[in-house]
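Visitor: Sequence and computational prediction follow.
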Amino acid sequence: MAKVITDLSIENNLEGFFYESLSELNKKSTYPLSEPFIIYTSEVMGRFGFSEAFFEVNDGKVKEKILGKKLLESSQLPIGQRKKTLREIGDLSMFICGYFAESLNNKLIDVSFYQSLGKSAYNQLDGYIPDYLEVPSFYENLSQIFDVITYLMNHISYMVQDNNSSFTDSLLIFDNNKIKAS
C-alpha cells in the first residue's frame with residue numbers, strides 16, 4: 001500500500017513559477033521589495049500569462065483592451081466597476097511594461113505611456129482600496145515601485161525567452177530609475 005503525503009502540496013503553475021523567479025531576483029536586488037509586492041506581482045504575471053487576458057469580448061467580437069480609453073471612462077463607472085477597471089489597467093500596464101517592454105521599442109505608444117497609465121490607475125485605486133495584503137497604501141506604494149517591479153519582470157522575460165532555467169549571479173542595481181545588472 002502506498003503512503004499518502006498530506007502535508008506536502010506541490011503546485012506547478014505560472015503563478016508559482018513567477019513567484020519563485022521574482023523571489024530569487026529580489027534577493028539579488030539593491031532595492032529589494034517586500035513580500036506582499038512579490039506575491040502581488042506573481043499573481044499579475046500568472047493571470048496575464050494567458051493570452052485571453054489581453055482581450056475582451058464586445059458584441060461577440062474579440063478586441064484588444066484599449067487601456068488609455070478605459071482609464072478615461074473609469075471615472076464614469078459605478079464604484080465597484082471602477083475599482084475592478086483601475087486594477088485591470090494597472091495590472092495589465094505593469095505586465096506589458098515588464099514582460100513585453102521590448103515589443104514596444106520604436107512604437108508610437110511606448111513603455112513610458114503604459115508606465116504613466118499603470119501608475120495613475122494604481123494611485124487612483126489607492127483612494128478606493130487603501131490597504132491590501134495588510135499593507136497600508138498598497139496601491140500608492142505599488143505605483144512608486146512600478147519601475148522596479150517591471151524591471152524584475154523584464155529580467156524574467158529574458159530568462160524565459162533564452163530558455164535559461166536559472167539566473168546569473170549578477171547583482172541587480174537600482175539607481176534613480178536606472179536599473180542594471182552588474
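Guide: Received the coordinates, thanks. Numbering: from 1, shown residues only.

Visitor: Could you identify the helix or strand that succeeds the longest helix along the chain?
Guide: Among all segments of the chain classified by DSSP state H, the helix with the greatest residue count is helix 79-99. Helices and strands here follow DSSP states H and E; after helix 79-99, the next one along the chain is helix 111-126.

Visitor: where along this structure do the strands fall?
Guide: 55-58, 61-64, 131-132, 135-136, 172-175, 178-181 (DSSP state E).

Visitor: mean pLDDT for those strands: which is lowest?
Guide: For the strands of the chain, mean pLDDT drops lowest on strand 178-181, to a mean of 43.

Visitor: any low-confidence regions in the protein?
Guide: Scanning the chain for pLDDT under 70 picks out 1-12, 163-182.

Visitor: do that again at 90, thanks
Guide: 1-14, 29-31, 48-66, 100-110, 157-182 (pLDDT under 90).

Visitor: about what we covered before: sort out which residues of the longest helix of the chain are buried, please.
Guide: In terms of neighbour count (16 or more other Cβ atoms under 10 Å), helix 79-99 has its buried residues at 82-83, 85-99. The C-beta positions use only the backbone N, C-alpha and C, and glycine is treated the same way.

Visitor: With that, I have no additional questions.
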